[in-house]
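>>> sequence and predicted structure below; questions after.
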Amino acid sequence: MLNISPDKIDSYIKIEKYNSLFKTESLKSGRVVLNLIITFFIAGLIIMLLPWTQNINSKGAVTTLRPEQRPQSIHSAISGRIEKWYVQEGDFVNKGDTVLFISEIKNEYLDPNLVGNTKDQVSAKEMSVNSYMEKVKSLDNQIDALIKTSELKWSQAQNQLKQAELMVISDSIYFGASKTNYEIAQTQYNRIKKLYDDGLKSLTALEQKKQSLQKTQSEMISAENKLLTSKNKVVNAQIEQTSLQAQYREKIFKTEADKYTTLSNLANAEGGVTKLQNLLANYSLRSGMYYITAPQNGYVSKAMQSGIGETIKQGDEIISIMPSKYDLAIAMYVKPIDLPLLEKGQLTRIQFDGWPAIVFSGWPNTSQGTFGGKVYAIDNFISSNGMYRIFVEPDTNDHPWPEALRVGAGTRNMILLKDVPIWYELWRKINGFPPDYYKPYAEKK
């Protein structure tokens, strides 16, 4: 049948009598096989020359670009006991809506009039501060008065000293004159006595001169005594000045000491006021923390605490809220070997879980059910799974992502690289080479 042997059976039998053998011999099987081989070779050659888009495949999950748009947990800022719930899971809440009310459980905050009592303490302490301030003013006025009085007293003492000194000068002159008069009287007496002894003067004249001598001597002694008294007054005036300085200096120092003591008490009182005001502010803020409110618009997704009367600690998670407005993105992970090939702005094809798609990784234009994206950010530090995280944002030039898409959905991603022939891609994979380094912006320029 294949005409391999030189001995043919055509001369021995009639093939027309055997229908199956006749039909088999009548086919041109060799030519058909040859045509098929040529056709497949040409088709394979054409396929090998077709363009193929190199890509990096990875899995990821839907997330948001901004951290505040991701699901967040509301924590209790203080410890307390659950008294009332205002929402349930699945409810929509606006920013500032009350989610939960808790009551106080700590002993130091159980006073129902804690804020009012603290205000009264602040007012009393402020009155104490005002009293100290008034006392400081009074002491300042007292110091000023003492300084002025001391200046006046000093002027008075100086005047008294000057008067005493002038009196000394006057008494000294008077004493000098008295002394001169005494010396003159003494000379006259001696002369008259000599004349009396010579018989030239009478006894009466001698006695008169003697009386005049005694009188001048008495006046001289009186003048000297008066001079000594004036000198004592000068000394007393000087002593008075020294005593006056010491006296007023002591009074001023004592008043200043009282002033500084009052200033110290004033500083302590002001510190007490500040501390009480701080406590008052803390108590006021704490009273506002009993009502736990929503930080932004969103949906209540899960309640971590439940029941009425259950106690929660400071920092415990209470409820989880998913923001109502968010910008979707894809968080995907790539191997370290592929990281140098990535650039911000590179195009990506995304297949979302739950959305049917027909994907041809090398021909993204022929894929159906995939959505476009662009690389938005690349982590500079490796993740705990040994891979690098990549953020992908929607491509505004492509079809918009599904509106029903939710955060946390799984994705399959293809980061598009360079267009190469299929034979080159097969050769690269057989040899284990990485994809070609590709910069999209450079080629656009």
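Arrived safely, thanks for sending. Predicted model only: the values in this text are computed from it and were never measured.
>>> is it true that Asp395 touches Thr370?
No: between Asp395 and Thr370 there is no contact, the gap being 11.1 Å when judged by C-beta atoms under 8 Å. In this view, the C-beta of every residue, glycine as well, is placed from N, C-alpha and C.
>>> between those two, which is the more surrounded one?
Neighbours were tallied for Asp395 and for Thr370 using other C-beta atoms under 10 Å; the higher tally belongs to Thr370 (22 against 17).
>>> how far away is the closest residue in space to the more buried one that isn't next to it in sequence from Asn55?
Take Thr370 and drop its neighbours on the chain: the residue closest to it by C-beta to C-beta, 6 or more residues apart in numbering is Arg349, 4.5 Å away. Plainly put, Arg349 is 8 Å away from Asn55 if you go by C-beta to C-beta, to the nearest Å.
>>> tell me where the model's unsure across the protein.
1-32, 52-54, 357-369, 417-420, 425, 432-445 (pLDDT under 70).
>>> domain ranges for it, per the record?
According to automatic domain parsing, the chain comprises the domains 1-49, 52-67+326-444, 71-99+291-323, 114-288.
>>> first-to-last residue distance for the last one?
Using C-alpha to C-alpha, to the nearest Å, the gap from the first to the last residue of domain 114-288 comes to 13 Å.
>>> so Glu104 versus Gln305, what's the distance?
Distance from Glu104 to Gln305, by C-beta to C-beta: 17 Å.
>>> re the thing from before, possible to save the domains of the chain as a markdown table with distance to Glu108?
Shown next, in a markdown table, are the domains of the chain (distance: least, C-beta to C-beta, whole Å):
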| stretch | distance to Glu108 |
| --- | --- |
| domain 1-49 | 81 |
| domain 52-67+326-444 | 36 |
| domain 71-99+291-323 | 12 |
| domain 114-288 | 9 |
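>>> what about the biggest helix by length in the chain, distance to the chain center?
Ranked by residue count under DSSP state H, the longest helix found in the chain is helix 203-288. Distance, stretch centre to chain centre, for helix 203-288: 57 Å (C-alpha atoms, centre = their mean, to the nearest Å).
>>> and it, what does it pack onto?
Counting by 3 or more C-beta pairs under 8 Å, 6 or more residues apart in numbering; DSSP states H and E, the packing neighbours recorded for helix 203-288 are helix 114-197.
>>> quick one, helices of the stretch 301-445 of the chain?
Applying DSSP state H, counting those that start in this stretch to the stretch 301-445 of the chain gives helices spanning 422-431, 440-444.
>>> the biggest strand by length in the chain to helix 422-431, inter-axis angle?
Identified as the longest strand of the chain according to DSSP state E is strand 51-64. Put simply, strand 51-64 runs at 70 degrees to helix 422-431, going by axes from the mean of the first three to the mean of the last three C-alpha atoms, to 10 degrees.
>>> list the residues that contact Gly272.
Lys125, Ser128 (C-beta atoms under 8 Å, 6 or more residues apart in numbering).
>>> 10 Å instead?
For Gly272, the contacting residues are Gln121, Val122, Ala124, Lys125, Glu126, Ser128, Val129, by C-beta atoms under 10 Å, 6 or more residues apart in numbering.
>>> how about Ile239?
Ile239 touches Ala157, counting by C-beta under 10 Å, 6+ apart.
>>> who does the closest residue to Pro71 other than its chain neighbours bridge with?
Among residues not flanking Pro71 along the chain, Met322 sits closest, at 4.8 Å (C-beta to C-beta, 6+ apart). Beta-bridge partners recorded for Met322 (DSSP bridges): Tyr299.
>>> for Met322, list the residues it contacts.
So Met322 contacts 64, 69-72, 298-302, 406-408 (C-beta under 10 Å, 6+ apart).
>>> and if we set it to 8 Å?
Pro71, Gly298, Tyr299, Ser301, Val407 are the contacts of Met322 under C-beta under 8 Å, 6+ apart.
>>> scan those residues and report the most crowded one.
Gly298 (22 neighbours).
>>> pretty sure that one is touching Ile319, no?
No: Gly298 lies out of contact with Ile319 (C-beta under 8 Å); the separation is 10.5 Å.
>>> so which of the contacts of Met322 comes closest to Leu206?
Proximity to Leu206 was ranked across those by C-beta to C-beta; first place goes to Gly298, at 139.7 Å.
>>> so Val87 versus Thr411, what's the distance?
31 Å.
>>> which one of these two has more residues nearby?
A direct count of neighbours by other C-beta under 10 Å for Val87 and Thr411 places Thr411 higher, at 22 against 18.
>>> wait, that one sits on Ala61?
Yes: Thr411 lies in contact with Ala61 (C-beta under 8 Å); the separation is 6.4 Å.
>>> Ile102: which element?
strand 98-103 (DSSP states H and E).
>>> quick one: distance of that strand to the chain centre.
Distance, centroid of strand 98-103 to centroid of chain: 29 Å (C-alpha atoms, centre = their mean).
>>> what residues of it count as buried?
For strand 98-103, a neighbour-count test (16 or more other C-beta atoms under 10 Å) marks Val99, Leu100, Ile102 as buried.
>>> in space, what's closest to the last one - neighbours in sequence excluded?
Just to be clear, that refers to Ile102. Gly80 (3.4 Å).
>>> so how far is Ile312 from that neighbour?
6 Å.
>>> roughly how far does Ile46 sit from Trp423?
Noted for Ile46: a distance of 11 Å to Trp423, by C-beta to C-beta.
>>> mind checking which of those two has more residues around it?
Trp423 (15 against 10).
>>> which secondary structure element is home to the closest residue to that one other than its chain neighbours?
Spatial nearest neighbour of Trp423, chain neighbours left out: Met48 (4.0 Å); criterion: C-beta to C-beta, 6+ apart. Assigned by DSSP H and E, Met48 falls within helix 29-49.
>>> and the contacts of that helix?
Leu2, Pro421, Ile422, Trp423, Leu426.
>>> generate a ChimeraX selection restricted to the buried entries among these.
In ChimeraX syntax, the buried subset of the contacts of helix 29-49 is picked out as below (16+ other C-beta under 10 Å):
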select :422
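>>> would you turn the contacts of helix 29-49 into TSV with distance to Phe41?
Converted to TSV, those look like this (distance: C-beta to C-beta, whole Å):
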residue	distance to Phe41
Leu2	22
Pro421	17
Ile422	15
Trp423	14
Leu426	16
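>>> ok, so of the contacts of helix 29-49, who is nearest Phe175?
Pro421 (141.5 Å).
>>> who touches Pro421 in this structure?
Met48, Leu49, Leu50, Pro51, Trp52.
>>> thinking again about what came up before, when Glu104 and Gln305 are compared, which one has more neighbours?
Using other C-beta under 10 Å, the more surrounded residue of Glu104 and Gln305 is Glu104, with 19 against 16.
>>> quick one: that one from Leu110, how far?
Glu104 is 6 Å from Leu110, by C-beta to C-beta.
>>> and what of Lys231?
For Lys231 relative to Leu110 (C-beta to C-beta), the value is 84 Å.
>>> between those two, which one's more packed in?
Shown here are Lys231 and Leu110; by other C-beta under 10 Å, Lys231 has more neighbours (16 against 10).
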